[in-house]
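Visitor: got a sequence here, can you build the structure:
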Amino acid sequence: MKNIVLFFLILFSFQSFAQCDIKSKVQADDSMLYFIKSATFYKTKQKSLKIGIVTDKENYFIALRPIPFPLKKDSNIKEDLVIELSDRNKYKLQHFDTRYIKHDSVMEILYLIDKKDIRPFSSFEAINADVNIPGTEFMENYTFKLHKKAIMDQLNCFLKEEK
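Guide: You can find the predicted model right below:
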């Protein structure tokens, strides 16, 4: 019985380390961005939407990766993102940047998390998000079903590393 308990403790500890697998990439302007693999929070045969935290160690961003996404020439994304957390408050995140990655095979939209909202985002699960990405099918309210803690867990990984 002790071996089974020990096995599960080890298994869960590996899963918690995997959540905090922080990666980095150097940008064209020589700045460094840190990120954790995005979690899929919406998926059908026709479309999917991934979400993750990105930071430059000064600011924190929520990154959305929609598939399909608009072509660069058709992209004019300026809308903000509204996320409701389990504290039943809605938080508006300002559109920061729209980036096409790996020769346009991936598109990522960054929304800035206001410094005053870091604490709620690191303490409460995400309930839903109002997503408005012109040129795509992503123009509605999405309820988080599977990865409600993804934003909170990823943000806490970065905050824990900074301490």
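Visitor: SS state for residue 155?
Guide: helix (DSSP: H, G, I helix; E, B strand; the rest coil).
Visitor: pull the contacting residues for it.
Guide: 53, 60, 113, 118, 121-122 (CB atoms under 8 Å, 6 or more residues apart in numbering). Using the backbone N, CA and C atoms, a C-beta is placed for each residue, glycine as well.
Visitor: after the helix-or-strand element of the chain with minimal mean pLDDT, which helix or strand is next?
Guide: Every helix and strand of the chain was ranked by mean pLDDT, DSSP states H and E. The lowest is helix 2-19, at a mean of 44. As assigned by DSSP states H and E, the chain's next helix or strand after helix 2-19 is strand 23-26.
Visitor: could you list the residues in contact with that next one?
Guide: 32-37.
Visitor: and that strand, which residues are buried?
Guide: For strand 23-26, the neighbour count (16 or more other CB atoms under 10 Å) marks no residue as buried.
Visitor: ditto for stretch 113-129
Guide: Buried, per 16+ other CB under 10 Å, within stretch 113-129: 113, 117, 120-122, 124, 126-129.
Visitor: now do the same end-to-end measure for it.
Guide: 14 Å (CA to CA, to the nearest Å).
Visitor: can you give me the mean pLDDT across that stretch?
Guide: Mean pLDDT, stretch 113-129: 97.
Visitor: partners of the longest strand along the chain in the sheet?
Guide: When the chain is parsed with DSSP state E, its longest strand is strand 90-101. Counting by DSSP bridges, the strands paired with strand 90-101 are strand 81-85 (antiparallel), strand 106-113 (antiparallel).
Visitor: can you tell me the distance between the two ends of stretch 97-113?
Guide: Termini of stretch 97-113 sit 13 Å apart (CA to CA).
Visitor: looking at the sheet around the closest residue to residue 111 other than its chain neighbours, what are its partners?
Guide: Excluding the flanking residues, the one nearest residue 111 by CB to CB, 6 or more residues apart in numbering is residue 93, at 3.8 Å. Assessed by DSSP bridges, residue 93 has beta-bridge partners residue 81.
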